[in-house]
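>>> Dropping a prediction and its sequence here:
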Amino acid sequence: MGLSGLDIFKKLPKTNCKECGFPTCLAFAMKLAAGQANLDDCPYVTDEVRAELAEAAAPPIRGVTIGVGDEAFKVGEELVLFRHEKTFFNPTVLGVLVSDDMDDAKVDELLKQAKECEHERVGVILKVGTVAVKCASGDAAKFKALVEKVKGATSKPLILMTEDVEVMKAALEVAGDSRPLLYAATEANVEAMGALAKEKDLPLAVKADDLDKLAELSEKLVGMGLKDLILDPSPRKPKETFKDLVAIRRAALNQKFAPFGFPTITFPCEETDDDLYETALAAMYICKYGGIVILSHAEQWRMYPLLVLTLNIYTDPQRPMAVDSKFYEIGNPDENSPVLVTTNFSLTYFIVSGEIEGSKIPAWLGVVDVDGQSVLTAWAAGKFVPETIAKFINTSGIADKVKHRKLIIPGYVAQISGELEEELPDWEIVIGTREAADIPAFLRQFSTT
Amino acid sequence: MAFTLPTETAKGKIREVELGVGEKARKVGGENCLPFYLWEGEMPNKPLVAAEVMDEPGELVPALEKALGEVKNDPVAWAKKAVEEWGADAVFLLLSSTDPKGTDAPAEQAAETVLKVEEAVKVPLIVYGTEDVEKDAEIARVVSTKAEGKNLLIGPAKEDNFKKVGAPAIGYKQTVSGMTPIDVNLAKQLNILLTNLGMEAEKLVIDPTTGALGYGLEYTYSVMERLKIAGLFQDDSMTQMPMLANIGFQAWKTKEAKSPEEEYPEWGDAEKRGIMWETVTAVALLLAGANILVLRHPESIRLVKQLIADLSG
């Protein structure tokens, strides 16, 4: 990071051959600096320059991938301290912990919770991302049996938790092919655990009681040739964990402190026995720099709010979330139910659909694609206009679903009603409310007339 | 490699604003660091957790009905319970009865309730109208006059009624909460208008408008962070007011918080889900910089207070 377009340009062949798809080497360099082009598209750049630029372009916090296949996830690659500065990239991954001192029923219950927790919101799948399997017994055979059981029950990436290298080796006999996270290297086992992770080419968590020790261990492991590390500052006290996570993120971004250029893992499940408070702590680590957050349980009542929080905090502030453009059925609408239209900005959709639902009057809510803008913004930008709305209505098939021909539009675009009636000659345009909060009262009145 | 803790010293600090008078007085703000970054600054006053009380609550979700029990229809008893049993640091009285779209109770009648609640509790009182600019202006006038010198936090003052809310607050010694729609510059602008009117900057609180979890939380979160950063690191005077997050009202309005489990079995236990919807919103805004957090459920109050205590202890 940090190389300007001009810095990059100096290292390019400057032949303007256009083979990269850009008209000049300078244009290509500018795109590279903005992260919108790939250096591999230049066939003439030397390997030496390629290596140099790759290093300069390496993110200050490494992206670490855990797991294989569809369920694999990546954490890290964050570039800012505050989401408004650009965006947060790889959402915090939430996991649940099972241990070999739990009885089978408990393990089954936790795995069931993890499996069942899956929600779709604004086109994003929200789910439990990982299962941490802990060796509490110290018994390699027992741990291996649990790892095997968990691996059979889920394809979610695993975190194998033991500080005993021999026990870890036993677990890897059954889980080594699924790219689990090894947890953890400590001061006591760093050489052996580091060597094992290196040999198997697996990501490794580093755990230490204070940040000095953590930096020391991280540096040592990097020196051994390890690349994929996850940091666990482990005071297990919320105040200290919070401070450590801020310090790690700041050191990585502002000071380019290489030993802390990795994602983090936290364990709110080990910071309190109170299920509700544990959930509150997890919320804190989602906001403030937690990469992986491990919980004691994964009930829906706790996971759903936490997962929606990851979605909110990691949304790109410059690119509004949009929902699919179509007619949504709110309640169980029938051929006489009111028909409303609004825009596909996710917030607009959620608030409007929430108010309609709250009114207990079933309705058809049409969502017009305006690139995820709110009603007024989209209208001002010439996107939420009679022509677009008419096209949406005519292609949506709503005319076959309702007997009436009354279309309710947002009060803020009352001025388009005349023109919209011309575009939709079969429909009567009704001006709805300006504020979503007034929809229930409006619908009640509308339905009685 | 030895590690040096990276620290950043702020140029500015958030104004200390006092709410209430005498033994009821509590201060908010005064910090010179980001929320709970206590290794590089101070937060002399912990964020205040205020319990929301309504003078006409209407139908509430079962989780709230259960928590309130008999006090639901008695704002005085509700406020006392919130302070004495739930440990609320302040009371936020929403005069829901005055909503012109509902009962439209006269301001004089609502002001009587305000006085009774103020009398009954030993913590600061925040009084909010229902965001009707005309009615809220009338409430501000009547309540400010009748509760002269009590230093209530009255709101929300908006761009369209700030003079009518601000003037009586100046005359009768109250503090004002200025509300703007999730925008840094609009929040600053309203503070400029209110100070130009003659309000002391030390008598102002910013209400940047709260979006609940899943309903615009990320906008409020970033606007609060930006206001706090501007106040601390750019020493921007008109962003240095403490901030209020009106969480309970917004969080419990969402279908995720209020729907019964029978309707959405995939969302799990309704009571805990509702509490967490409110608490998770509050945790995020606490970390974004809220100085006053308005909550409804006693469990949310307990959890947020515990987190504040843990982070500052």
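Looks like it arrived, so ask away.
>>> quick check, residue A:133 in a strand?
Yes: with DSSP: H, G, I helix; E, B strand; the rest coil as the criterion, residue A:133 is part of a strand.
>>> In contact with it, which residues?
Residue A:133 makes contact with A:97-100, A:143, A:146-147, A:150, A:158-161, A:171, according to C-beta atoms under 8 Å, 6 or more residues apart in numbering or on different chains. From N, CA and C alone the C-beta is placed, and that goes for glycine too.
>>> Tell me the buried residues in stretch A:116-128?
Buried residues in stretch A:116-128, defined by neighbour count with 16 or more other C-beta atoms under 10 Å in any protein chain shown: A:117, A:119, A:121, A:122, A:124, A:126, A:127, A:128.
>>> Report the backbone C-alpha coordinates of that stretch in CSV.
In CSV, the C-alpha atoms belonging to stretch A:116-128 read as follows (Å, rounded to 0.1, in the frame of the first residue of the first chain):
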residue,chain,number,x,y,z
GLU,A,116,-29.6,-24.0,11.9
CYS,A,117,-28.4,-20.4,12.2
GLU,A,118,-28.6,-19.1,8.7
HIS,A,119,-30.4,-16.0,7.5
GLU,A,120,-30.6,-14.1,4.3
ARG,A,121,-30.7,-10.3,4.5
VAL,A,122,-30.3,-7.9,1.6
GLY,A,123,-29.0,-10.8,-0.5
VAL,A,124,-26.2,-11.6,2.0
ILE,A,125,-26.1,-15.0,3.8
LEU,A,126,-25.5,-14.5,7.5
LYS,A,127,-24.4,-17.6,9.4
VAL,A,128,-22.2,-19.1,12.0
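>>> Pull the residues that contact that stretch.
Residues contacting stretch A:116-128 (C-beta under 8 Å, 6+ apart): A:94-96, A:113-115, A:156, A:298, A:300, A:303-304, A:307-308, A:310-311, A:321-324, A:346, B:214, B:266.
>>> same question for it, mean pLDDT?
For stretch A:116-128, mean pLDDT rounds to 92.
>>> Identify those among the contacts of stretch A:116-128 that sit within helices.
A:113, A:114, A:115, A:300, A:303, A:304, A:307, A:308, A:310, A:311, A:346 (DSSP state H).
>>> Pipe those into JSON lines and attach neighbour count and distance to residue A:446 per row.
As requested, the ones in helices among the contacts of stretch A:116-128 are exported to JSON lines (neighbours: other C-beta atoms under 10 Å in any protein chain shown; distance: C-beta to C-beta, whole Å):
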{"residue": "A:113", "neighbour count": "19", "distance to residue A:446": "43"}
{"residue": "A:114", "neighbour count": "26", "distance to residue A:446": "45"}
{"residue": "A:115", "neighbour count": "16", "distance to residue A:446": "43"}
{"residue": "A:300", "neighbour count": "22", "distance to residue A:446": "35"}
{"residue": "A:303", "neighbour count": "29", "distance to residue A:446": "38"}
{"residue": "A:304", "neighbour count": "25", "distance to residue A:446": "32"}
{"residue": "A:307", "neighbour count": "26", "distance to residue A:446": "36"}
{"residue": "A:308", "neighbour count": "24", "distance to residue A:446": "31"}
{"residue": "A:310", "neighbour count": "23", "distance to residue A:446": "38"}
{"residue": "A:311", "neighbour count": "22", "distance to residue A:446": "33"}
{"residue": "A:346", "neighbour count": "23", "distance to residue A:446": "25"}
